[in-house]
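Visitor: build me a structure from this.
(2 chains)
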Amino acid sequence: MREADFELIDRFLQGDGTAFDELVRKRQREVYNLAYRMTRNAEDARDVSQEAFLQVYRNLSRFDRRSSLSTWLYRIVVNLSLNHLSRGSRVQYATVDQHPDPADLSEGSLAQLEEREQADALARAIETLPPQQRASLTLRVHHHLAHRDIAEILGVSEATAKVHYFHAVQALRRKLAHWREGA
Amino acid sequence: MRCEDVESKLLELIEGELPAVQRSEVLTHLDGCAACTAEVSAYRDLLALVQVDPVPEPSPVFWKEFLPSLQQRIAQQEVSGRKPTQAGRLTDVGSWFAFRPRFIAGLAVAAASIFLVVRLPGVLPVRTNQQAAPTVMEKVAGQNGSARNAIILSAPNRENHQSGERLIVAGEVIDEPSILIAAIQRLGGIDEIADRLETAWAQRPESDQEDSLASLNEEERQALLDHLSHVRWSEI
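Guide: As a prediction, this is how the structure comes out:
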């Protein structure tokens, strides 16, 4: 992956305009997903994703290759997302009204409803996490990065990145404890 | 080891971050402690739940337009030579409008109307009271099929048209340029314009026609018209 990325960058720097398009197509989903998990809003994620690739385009010639393209790209996305969050995001959740009335549900449907409510509760709990904790959590759980790489992306020490992650998981554990107890 | 000592190490155990000696001690404790074992299980369940926390899939149109929109913004920046202030605004304009092609079409009509009224007074046709002024109404369904991100442009005033002098834009009767300028002075940058429009339509998607087209100043209008000149109308 790393070599393939660097090859694309080389082609781009040599004037091959299709190389950047390839890079975008290859990375657009993971960039969007990371932006969404950070902002928890589709429109914000869209804006952040576009802006992230614009920054990549502007700065690709200055990319020093000491880290992987992914790490560099994630750093851009996370920083843009943090900026976005600091300006106030447009988080939207499903409301209770959007769920069917439990009285109308069969046993199987009730289980589905409970799963849905659990997922909603998780989404709300993640939203309450401080942005740095949220970033550590998603980079670790969804992007499977080592704490060392997460630290580089967040511009903090590895120990701090770990603390962010552990605090995030423990906070979610507390917030969702009633689901476990009810199970 | 006591439960309190183990509890703080459970996540590190799951993460494989515990040194060998401590790991061994914790595992020994877990062998005889149902409560701590249950706690490990709870953490694993939680992480599994987080793992499957979904990202809603954007519409196919979103992905179809993602790269072209980006290419358009890059081309704009290269043409504009990245002026530090206005270029930044243009980027924001592009970002906001790039995914709203129908909105762009509507705004183009409005921008052209404003241009005609301000720059070329008298060129609009005279209408009588009985002639219904045309209305351009475009509603753009949001990602989930909702009627967010919509715009309704109000066309010439039906009641009292003077030769090309009365036009309603965003609920404002534009009798003379000073009114338009006053409206402009109440606005900040492009972001605010975009936010105002979006907020208005999110709140009142089915509302009356004299709603929310914000006015643009000369520089913004020119920037917008430049931007619109790059739109591929066949996609609208």
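Visitor: my guess is residue B:23 contacts residue B:15. True?
Guide: No. Contact criterion C-beta atoms under 8 Å: residue B:23 and residue B:15 do not qualify, at 11.0 Å. Placement of C-beta: from N, CA and C, glycine included.
Visitor: please, which helix or strand holds the residue nearest to the spatial centre of chain A?
Guide: With distances taken as C-alpha atoms, centre = their mean, residue A:34 lies nearest the centre of chain A, 2.6 Å away. Taking DSSP states H and E as the criterion, residue A:34 maps to helix A:17-39.
Visitor: contact partners for residue A:11?
Guide: A:18, A:19 (C-beta atoms under 8 Å, 6 or more residues apart in numbering or on different chains).
Visitor: confidence score at it?
Guide: Residue A:11 carries a pLDDT value of 92.
Visitor: swap in residue A:121?
Guide: 89.
Visitor: so what's the backbone phi/psi at the nearest residue to it once chain neighbours are set aside?
Guide: Of all residues not flanking residue A:121 in the chain, residue A:176 sits nearest, at 6.1 Å (C-beta to C-beta, 6 or more residues apart in numbering or on different chains). Torsion angles at residue A:176 (phi, psi; degrees, to the nearest 10) stand at phi -110, psi 10.
Visitor: hang on, residue A:176 packs against residue B:47?
Guide: No. At 11.5 Å, residue A:176 does not count as touching residue B:47 under the criterion of C-beta under 8 Å.
Visitor: circling back: the residue nearest to residue A:121 - how many residues pack around it?
Guide: 20 (other C-beta atoms under 10 Å in any protein chain shown).
Visitor: tell me the residues of chain B that contact chain A?
Guide: B:11-12, B:17, B:42-43, B:45-47, B:49-51, B:53-56, B:58, B:62-63, B:66-67, B:69-71, B:73-74, B:77, B:91, B:95-96, B:98-99, B:143 (C-beta under 8 Å from any C-beta of the partner chain).
Visitor: follow-up on the earlier one: report the buried residues of the helix holding residue A:34.
Guide: Using 16 or more other C-beta atoms under 10 Å in any protein chain shown as the test for burial, helix A:17-39 gives A:19-21, A:23-24, A:27-28, A:30-39.
Visitor: domain assignment for the chain?
Guide: With no chain named, the answer covers chain A. As assigned by automatic domain parsing, chain A contains the domains A:2-86, A:98-182.
Visitor: oops, chain B please
Guide: Taken from automatic domain parsing, chain B resolves into B:3-51, B:101-235.
Visitor: rank those domains by pLDDT, which is bottom?
Guide: For those, where the average pLDDT is lowest is domain B:101-235, sitting at a mean of 42.
Visitor: which helix or strand contains the closest residue to chain A within chain B?
Guide: Here chain B gets closest to chain A at one residue, residue B:55, 4.7 Å apart by C-beta to the nearest C-beta. Here residue B:55, judged by DSSP H and E, is contained in no helix and no strand.
Visitor: give me the pLDDT value at it.
Guide: 93.
Visitor: so how many other residues sit close to it?
Guide: For residue B:55, the neighbour count with other C-beta under 10 Å is 16.
Visitor: for it, give me its contacts.
Guide: Per C-beta under 8 Å, 6+ apart, neighbours of residue B:55: A:32, A:33, A:36, A:37.
Visitor: nearest residue to residue A:37 in space, please, no chain neighbours.
Guide: Leaving out its chain neighbours, the residue that sits closest to residue A:37 by C-beta to C-beta, 6+ apart is residue A:138, at 4.3 Å.
Visitor: is it true that that neighbour lies in a strand?
Guide: No. Residue A:138 is assigned helix when assessed by DSSP: H, G, I helix; E, B strand; the rest coil, not a strand.
Visitor: which strands or helices does the longest helix seen in chain B pack on?
Guide: The single longest helix within chain B, with elements called by DSSP state H, is helix B:60-80. Where contact means 3 or more C-beta pairs under 8 Å, 6 or more residues apart in numbering or on different chains; DSSP states H and E, helix B:60-80 is packed against helix A:17-39, helix A:42-59, helix B:86-97.
Visitor: okay if I get those as CSV plus distance to residue A:111 and mean pLDDT?
Guide: Below are those laid out as CSV (distance: least, C-beta to C-beta, whole Å; pLDDT from 0 to 100):
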stretch, distance to residue A:111, mean pLDDT
helix A:17-39, 26, 94
helix A:42-59, 28, 93
helix B:86-97, 42, 43
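Visitor: and those as a markdown table, adding distance to residue A:86?
Guide: Formatted as a markdown table, those follow (distance: least, C-beta to C-beta, whole Å):
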| stretch | distance to residue A:86 |
| --- | --- |
| helix A:17-39 | 11 |
| helix A:42-59 | 12 |
| helix B:86-97 | 17 |
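Visitor: for residue A:171, find the nearest of the ones you listed.
Guide: helix A:17-39 (15.9 Å; C-beta to C-beta).
Visitor: for that closest one, enumerate the helices and strands it packs against.
Guide: Looks like helix A:17-39 contacts helix A:2-13, helix A:42-59, helix A:69-86, helix A:131-141, helix B:60-80 (3+ C-beta pairs under 8 Å, 6+ apart).
Visitor: same list (those) but as CSV, adding distance to residue A:150.
Guide: Below are the helices and strands packed on helix A:17-39 laid out as CSV (distance: least, C-beta to C-beta, whole Å):
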stretch, distance to residue A:150
helix A:2-13, 17
helix A:42-59, 17
helix A:69-86, 9
helix A:131-141, 5
helix B:60-80, 26
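Visitor: closest one to residue B:27 among these?
Guide: helix A:131-141 (22.7 Å).
Visitor: now the closest one, how far from the centre of its chain.
Guide: Centroid displacement of helix A:131-141 relative to its chain, using C-alpha atoms, centre = their mean, to the nearest Å, is 7 Å.
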